[in-house]
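Asks: Next one to model:
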Amino acid sequence: MSCRGGRSRRLLHVDVMDNHFVPNLTLGLPVVQALLKHATLPLDCHLMIEDPDRWAPQYAEVGARNVTIHAEAVHAPVRTLRAIRTAGARAGLAVNPGTAVEPYQDLLPEVDMLLLMTVEPGFGGQGFLDMVLPKLRRAAHLSAAATPRSGFQVDGGVSEETIERCADAGADVFVAGSAVYGADDPARAIQALRAQAERATAHAAWTR
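Replies: As a prediction, this is how the structure comes out:
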């Protein structure tokens, strides 16, 4: 879900894993193409794969709204981010919990959304890593100094216990998996999380 400019939007976050960059195998381009024929929400494709330089633009070409690649995997980040945008999608850059954001400061003008992993990528259901929140604050500061504000997405362990801390630190896009699909009423869980995010965003220092 996204909370930007006082508006809340839903996205369908799709984890693409190749069992190489991360130790898990999920789905790939053909399944994303099939999803696009039936999905009523924009697709937010998070590519946890090797060689995103080759594959990422194709996800944009088939119709994904957002395509996010990992800093740890990409070899030609400027070219690939621009290719994603040229193909019609918003370009995202993801960093793992142990990856600093400062080395990527010069890339921020090329990035529509910076995704900070709040768990180690590869598996759902992990506990939220609070150590990422100071990095999120630094990233928001670097972005504000370098370029108009990009989106900041957090992915991993987002729940009713953590979403407000994420919003306060600067996140405005929240990926919720287990907190939604593990709930007795997923639709109600989404509504509750959105309400929490909107309240926290309204009072966050970065919105003033």
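
Asks: What lies in contact with the helix or strand where residue 36 lies?
Replies: Assigning secondary structure by DSSP states H and E places residue 36 in helix 29-38. With contacts defined as C-beta atoms under 8 Å, 6 or more residues apart in numbering, helix 29-38 is touched by 12, 14, 16, 43, 45, 55, 58, 59, 62, 63, 64. Bear in mind the C-beta positions are built from the backbone N, C-alpha and C, glycine included.

Asks: go with 7 Å
Replies: The contact list for helix 29-38, computed with C-beta atoms under 7 Å, 6 or more residues apart in numbering, reads 14, 43, 45, 58, 59, 62, 63, 64.

Asks: cool, and stretch 97-112?
Replies: Here stretch 97-112 has contacts from 71-72, 77-78, 81-82, 90-93, 95, 117-118, 120, 129, 131-132, 135, 138-139, 142-143, 146-147, 150-151, using C-beta under 7 Å, 6+ apart.

Asks: okay, how far is it across it, tip to tip?
Replies: Using C-alpha to C-alpha, to the nearest Å, the end-to-end distance of stretch 97-112 comes out at 20 Å.

Asks: Check stretch 59-71 too.
Replies: 17 Å.

Asks: can you check stretch 175-195 too?
Replies: 14 Å.

Asks: Show me how far it is from its chain's centre.
Replies: Taking C-alpha atoms, centre = their mean, to the nearest Å, one finds stretch 175-195 lying 17 Å from the centre of the chain it belongs to.

Asks: Next, the buried residues of that stretch.
Replies: Of the residues in stretch 175-195, 175, 176, 177, 179, 180, 183, 189, 190, 192, 193, 194 count as buried by neighbour count, 16 or more other C-beta atoms under 10 Å.

Asks: Give the rounded mean pLDDT of that stretch.
Replies: In this model, stretch 175-195 carries a mean pLDDT of 93.

Asks: try stretch 126-133
Replies: Stretch 126-133 comes out at a mean pLDDT of 93.

Asks: how far does that stretch sit from the chain's center?
Replies: The answer for stretch 126-133 is 15 Å, by C-alpha atoms, centre = their mean.

Asks: contacts for that stretch?
Replies: So stretch 126-133 is in contact with 97, 116, 118, 119, 120, 156, 157, 162, 165, 169, going by C-beta under 7 Å, 6+ apart.

Asks: what do you get if the cut-off is 6 Å, keeping everything else the same?
Replies: Outside stretch 126-133, the residues within contact range by C-beta atoms under 6 Å, 6 or more residues apart in numbering are 97, 116, 118, 119, 157, 162, 169.

Asks: can you tell me which residues contact the third one?
Replies: Under the criterion of C-beta under 6 Å, 6+ apart, the contact partners of residue 118 comprise 128, 129, 132, 154, 156, 157.
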